[in-house]
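Engineer: return a 3D structure for these sequence lines:
(3 chains)
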Amino acid sequence: MPDAPGLELIRGEIEGDHPGAILDTAFDRGGATLVVDPAQILDVLSWLRDAPGQGYTFLSSLHAADYLPAQPRFGVHYELLNRDRVERLRVKAMLGDPSSAGGAGDGGVEDDPARSAPPSPATGPAAGGLPSIDSCVDLFPTAEFQEREAYDFFGIVFKGHPDLTRILLPDDYVGWPQRRDFPVGGEPVTFTYNEGDRG
Amino acid sequence: MAELLEDRTTEVMTVNIGPHHPATHGVLRLIVDLEGEVVRDLKPVIGYVHTGIEKSCEDKSYWKVIPFVERMDYVSYFFQMEAFCGAVERLVELEIPARAKYLRVIFLELNRIHSHLVWLGTTALDLGAISMLWYCFRERDKILDLFEMAAGQRMHTRYFQVGGVVEDIPLGFEAKLREFIADMPVRVDQYLDLLDRNEIFLRRTKGVGVVSRERLLELGVTGPLLRAAGEPWDLRKAFDYLAYPDLDFKIPVGTVGDGYDRYRVRLAEMVESVRIIEQALDGLPEGPHIADDRKYVLPPRSELSTSMESLIHHFKLVTEGFRVGPGEIYYAIESPRGELGCFVLADGSAKPARVHFRDPSFVNLQAFKDMAVGSYVADMIANLGMLDPILGGVDR
Amino acid sequence: MEIERRTIRSKQLRARDMLRGDLEGEELERYVEERVVMTSFDKMLGWARSNSMFPLTFGLACCAIEAPISIVTARYDLARFGAEALRASPRQADMIILSGRVSIKMAPVVRRLYDQMLEPKWAISMGACSSSGGMFSNYAVVQGADKFMPIDLHIPGCPPRPEAVLYGFNKLQRKVQGHPDPGWRQRYRAAGTEEWARGGPASLPSAEALEAYEAARGLIDA
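Structural biologist: Coordinates of the predicted model:
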């Protein structure tokens, strides 16, 4: 991993070319993270890949995480790897949830119905919008399946993806399972004391 | 008349292969556009064994996650355990003792041999060399006997624990293991004898499924596929984790990147794994098999009857589990199929907020289209074998 | 439920009742059934079927490595029971071993495979995941293959050892031959201790519910 000063150097150089792209840096437990403005994610990724001396040409993993109740709640992580220097760098783009009312601090109110009830069509793409970010398939072809997986689990739309459809869940599935407010599902185990509760 | 014949040969036919098919390694569905026997387009449809493991893990304390993640790539279960336990250990900054590192390496390499044996048996079966299945599984049963001796279960042993390994190896394990590693290189030579000059096997693998190194790197492919194409990239050598820096081993690298190279690379990896196990066994240090930090590791049972503090630690760990301060980490190891990465997001509670696995088979499957388009259907089956996908890892 | 002791004396008494015309209702039915079912031809058919099962090559997840792959290998030889001819086509197979977790995407596929098999057919649910959802109590796994297809035998384990699968296979063979193994409740005379979720056999669907179901399946005109 680039060490803390190295990380600040990278930040400085990117800021020079693309001002306002880097929102934050973090160096935690030996791992370096760049928090990037989602609108400029492609600029940052292509700079990291192509700028001489950087060479982060390998995208190890593209995945998303739901930071609920913190806002903005969705984080899209790009784990970049420089194979020559054997260094990893994480690039994070935080996306808010457009379907929730207001922004920070208010997301909890909208999501209550989804928390207790099974997913209904109201929580699908029809209600509100889906968070979106540019697709990096042109930069890193390996992202194709991985972006589809992030879409499948979180509902994050990757603009410009050649075939953004569900990959692991059935095509007609409604709901975004990996979101924190989606219930785990399954059935309660039936014992004698609660067998009457079953429908 | 000629127009009729021409129409028939240039017509593109869409065929659905799977999800239940004798030659798919797991429940993989392929939608193949065929022109005659030549594959024009290929679309893998996956998700038929999607188990929602990542979602289930968010509901469980850190220890309870270990059996869940084991069952993702169900042939290389030790690797998933190592990826998760290693990630959590780095999150809590826990240092594992040297003996545990060596033991982990031994079991990981045994699992690597096991995975390659299963691969060789089933792939040779797909290609028609049916006897290989019995020979490979004979060795595999010996490995599973070793696992059972140490951990109590043949598969899904849940042997790794945050902080080290659950139990030290029993008496007699070392002797049995030495017997196995003395025998294994002979067996690999026997496999080579069986397959290496088999005309059909060579015709089905040589020159089949070549994808260039650059394209493979673009697609994120790692593991034996990448090494067969000529790129000497192995996470065991690149990132020093566990006891690999102390051990001396080579990385087999191919030249052309066809099916034959992939087969030879995996067989050579089996031999290298035997060397690693031998060195690890010779250099196995004495000491504890699990770390000492009572905040994350159970105290030994003998102490529970004498020390109140141990009892409190035991109680806390067994009921709630340990808490991990907020943070996120991505830790990747070299599994038999490539880079297996584990992302853990901790939010300060006793349950992880997100566990994601970057599974090598999932990413490698993107190369399948490049390998198969333009060649025959039979070559597609051979390519699928050489790709070595495990659908449990692909679908998670 | 009464446990009958098959002593010679009790058989004599029942034969006497039958001749007198005193045996009626359920007892008479059972009497006739036993004699009709267990003729020698049926026994021979059962023996032949059980010793030449054609399993379907069907593996879903981890259990698939233990069966069908590991049990046909040399150490746990399934061939000694006559079942080594694994068939890839469901039309040619008569036993399906559900080895692995059944996800919601795969369930209709499994059902279709089971429907394509010809009678007589048997289904073994191997491992915890296909018997009851296993450790995966979540949105993506069907909590037991019983929910969408009839299962003849459940084998516990995660994954069950190949020896356990072979033991289960032997149990299935005995079931096919017509004398299924008595469960522990019969052996220890604990009948009546069953706990049924949702009421058990006493709560079969009402006639209206059954009619509605059949109509929904299009079998009768509603």
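Engineer: give the contact list for residue 95.
Structural biologist: No chain was given, so I picked chain A. A:38, A:72, A:73, A:74, A:75, A:76, A:131, A:132, A:133, A:156 (CB atoms under 8 Å, 6 or more residues apart in numbering or on different chains). Placement of C-beta: from N, CA and C, glycine included.
Engineer: try chain C instead
Structural biologist: So residue C:95 contacts C:53, C:54, C:55, C:56, C:83, C:121, C:122, C:123, C:124, C:172 (CB under 8 Å, 6+ apart).
Engineer: residue ranges with poor pLDDT in the chain?
Structural biologist: Answering for chain A, as no chain was given. A:1-2, A:100-128, A:189-199 (pLDDT under 70).
Engineer: should've been chain B
Structural biologist: B:1-9, B:23-24.
Engineer: got the domain boundaries for it?
Structural biologist: B:2-45, B:53-92+B:95-292+B:330-371+B:379-395, B:294-324 (automatic domain parsing).
Engineer: take the contacts of residue A:95 and write them to JSON lines, including distance to chain B.
Structural biologist: Shown next, in JSON lines, are the contacts of residue A:95 (distance: CB to the nearest CB, whole Å):
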{"residue": "A:38", "distance to chain B": "18"}
{"residue": "A:72", "distance to chain B": "15"}
{"residue": "A:73", "distance to chain B": "12"}
{"residue": "A:74", "distance to chain B": "11"}
{"residue": "A:75", "distance to chain B": "8"}
{"residue": "A:76", "distance to chain B": "12"}
{"residue": "A:131", "distance to chain B": "16"}
{"residue": "A:132", "distance to chain B": "20"}
{"residue": "A:133", "distance to chain B": "17"}
{"residue": "A:156", "distance to chain B": "14"}
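Engineer: how about those residues in CSV, adding neighbour count?
Structural biologist: Below are these laid out as CSV (neighbours: other CB atoms under 10 Å in any protein chain shown):
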residue, neighbour count
A:38, 19
A:72, 16
A:73, 23
A:74, 24
A:75, 21
A:76, 24
A:131, 20
A:132, 15
A:133, 22
A:156, 23
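Engineer: let me know the closest of these to residue B:344.
Structural biologist: residue A:75 (13.5 Å; CB to CB).
Engineer: can I assume that closest one sits in a strand?
Structural biologist: Yes: according to DSSP: H, G, I helix; E, B strand; the rest coil, residue A:75 belongs to a strand.
Engineer: got the residue ranges for the helices in chain A?
Structural biologist: Using DSSP state H, the helices of chain A run over A:4-17, A:41-50, A:107-116, A:143-154.
Engineer: repeat that for chain C.
Structural biologist: So, for chain C - with DSSP H - the helices run C:8-20, C:26-37, C:40-50, C:62-64, C:107-116, C:127-132, C:162-177, C:184-187, C:207-216.
Engineer: looking at the ones you listed, which is closest to residue A:146?
Structural biologist: Once the helices of chain C are compared by CB to CB, helix C:62-64 is nearest, at 24.1 Å.
Engineer: can you report phi and psi for the residue nearest the centre of chain C?
Structural biologist: Central residue of chain C (CA atoms, centre = their mean): residue C:152, 1.2 Å from the mean position. Note on residue C:152: backbone dihedrals following degrees, to the nearest 10 are phi -90, psi -30.
Engineer: quick check: closest non-adjacent residue to it.
Structural biologist: Closest residue in space to residue C:152, ignoring its immediate chain neighbours: residue C:122 at 4.7 Å, by CB to CB, 6 or more residues apart in numbering or on different chains.
Engineer: verify the contact between the one you found and residue C:173 for me.
Structural biologist: No: in terms of CB atoms under 8 Å, residue C:122 does not count as a neighbour of residue C:173; the distance is 9.8 Å.
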